[in-house]
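Novice: Test case, fold it:
(one chain, ligands or ions: 1)
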Amino acid sequence: MNLIDGKKISNDIRSEIKNQVQKIKQKTGKTPGLATILVGQDPASQVYIKSKIKACQDAGIQSFHHNLNEKTPKEEIINLIKNLNTPSEVDGILLQLPLPNNKYAQDCINTISPLKDVDGLHPFNAGLLNLSKSWDEIIKKNILVSCTPLGVIYLLNKSNISIEGKTAIVLGRSNLVGKPLSMLLLANNATVIMSHSKTKNLKSLCKTADIVIAAIGKPKFVTKDFIKEGATVIDVGINRTSDGLCGDVDFESAKDMDINITPVPGGVGPMTITVLLENTLKAFKNRI
Ligand code: NAD
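Specialist: This next block holds a predicted model:
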């Protein structure tokens, strides 16, 4: 087994972002800024927001946090987002999901200026990703892509795991992870299998794949029986169980195989925040 060290890869990219932010400050006197919005008190969301604010501070990015009451009506969240769309010191707006009432999450996201949509979830940015013909185009056009999926591609690239021509299966088809990740793999010339809760013969499909990416939110669902020797396994899942944190992959069952694999924690998780910083910097550059 070869462990893909997301923490190390993430730290290297964060140092580079910090350098760039410093240089921008020296050259323009301006500092990129990220506004975060947390509605309610969900413990996991509080931890994520805290980590995002800290990562901004470490990278020299300004952070503006807004904590709203759990019962805040949709209109009030939308008004706050509209107010954040204007000021020039705010380059990115991140609405922490899920909302206490997640039914209107997309309506709120749709209010974020596409130029400040650092989570890449606005239909404009999701559309740009879907219309892009290649990875080069995605990079050259500075498209704001959902953080976790982009982080997964960086993990593969930085670990010298080639994607072109490979069969990749993505477990999960959410707008946040599975769908954009499938598009990114396609842009990198993989043959992509998009799978979901209604997929038949999932195990045997996974067995055919060179790259298996699990993003379903089911603790230790992917056992060694899903994985072929020589494959790369990326575990996006973060599950809180009575035994602690674990991924969607049964790491213990697969660890003696000849595979590349990400741990949980320390794999995809740190990359998500790293790409959020990068997207904030990208949004800053796109606007100046
Ligand atoms: P989601 O609940 O929105 O989507 C889950 C997807 O999994 C659905 O498309 C569903 O069809 C599919 N699914 C469910 N059961 C399945 C099964 N048995 N076989 C195949 N597909 C199945 O979740 P999400 O937001 O995409 O997140 C997925 C996981 O990734 C969660 O554990 C979440 O905590 C984690 N996550 C991690 C990060 C990170 O930074 N590491 C970021 C986002 C999400």
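
Novice: give me the element the residue most central in space within the chain is part of.
Specialist: Geometric centre of the chain, nearest residue: Thr148, 1.4 Å, by C-alpha atoms, centre = their mean. According to DSSP states H and E, Thr148 maps onto helix 147-158.

Novice: How far off centre is that helix?
Specialist: Its chain's C-alpha centre and that of helix 147-158 lie 8 Å apart, by C-alpha atoms, centre = their mean, to the nearest Å.

Novice: any residue of that helix up close to the ligand?
Specialist: Yes. Helix 147-158 lies within reach of the ligand by C-beta under 6 Å from any ligand atom, at Thr148. C-betas here are computed from N, CA, C, even on glycine.

Novice: Check stretch 230-237 too.
Specialist: Yes. Counting by C-beta under 6 Å from any ligand atom, the ligand is contacted by stretch 230-237 at Val236, Gly237.

Novice: hmm, back to that, which residues touch the residue nearest to the centre of the chain?
Specialist: Leu176, Val177, Leu181, Ala215, Val236, Val268, Met271, Thr272, Val275 (C-beta atoms under 8 Å, 6 or more residues apart in numbering).

Novice: and it, how far is that from Leu99?
Specialist: 18 Å (C-beta to C-beta, to the nearest Å).

Novice: before we move on, back to that, restricted to helices, list the contacts of Thr148.
Specialist: If you go by DSSP state H, the contacts of Thr148 have Leu181, Val268, Met271, Thr272, Val275 in helices.

Novice: from the residues you listed, which are also near the ligand?
Specialist: Val268, Thr272.

Novice: Reformat the ones in helices among the contacts of Thr148 as JSON lines; add pLDDT and neighbour count.
Specialist: Below are the ones in helices among the contacts of Thr148 laid out as JSON lines (pLDDT from 0 to 100; neighbours: other C-beta atoms under 10 Å):
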{"residue": "Leu181", "pLDDT": "98", "neighbour count": "29"}
{"residue": "Val268", "pLDDT": "98", "neighbour count": "28"}
{"residue": "Met271", "pLDDT": "98", "neighbour count": "27"}
{"residue": "Thr272", "pLDDT": "97", "neighbour count": "24"}
{"residue": "Val275", "pLDDT": "98", "neighbour count": "28"}
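
Novice: Put the alpha carbons of stretch 109-118 into PDB.
Specialist: These are the backbone C-alpha positions of stretch 109-118, laid out as PDB (Å, rounded to 0.1, in the frame of the first residue of the first chain):
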ATOM      1  CA  ILE A 109     -26.300  29.800  -3.500                       C
ATOM      2  CA  ASN A 110     -27.900  31.200  -6.600                       C
ATOM      3  CA  THR A 111     -27.800  34.700  -5.000                       C
ATOM      4  CA  ILE A 112     -24.000  34.600  -4.600                       C
ATOM      5  CA  SER A 113     -22.200  36.500  -7.400                       C
ATOM      6  CA  PRO A 114     -20.700  33.900  -9.700                       C
ATOM      7  CA  LEU A 115     -17.400  35.900  -9.400                       C
ATOM      8  CA  LYS A 116     -17.400  35.300  -5.700                       C
ATOM      9  CA  ASP A 117     -18.700  31.700  -5.700                       C
ATOM     10  CA  VAL A 118     -15.600  30.100  -4.300                       C
END
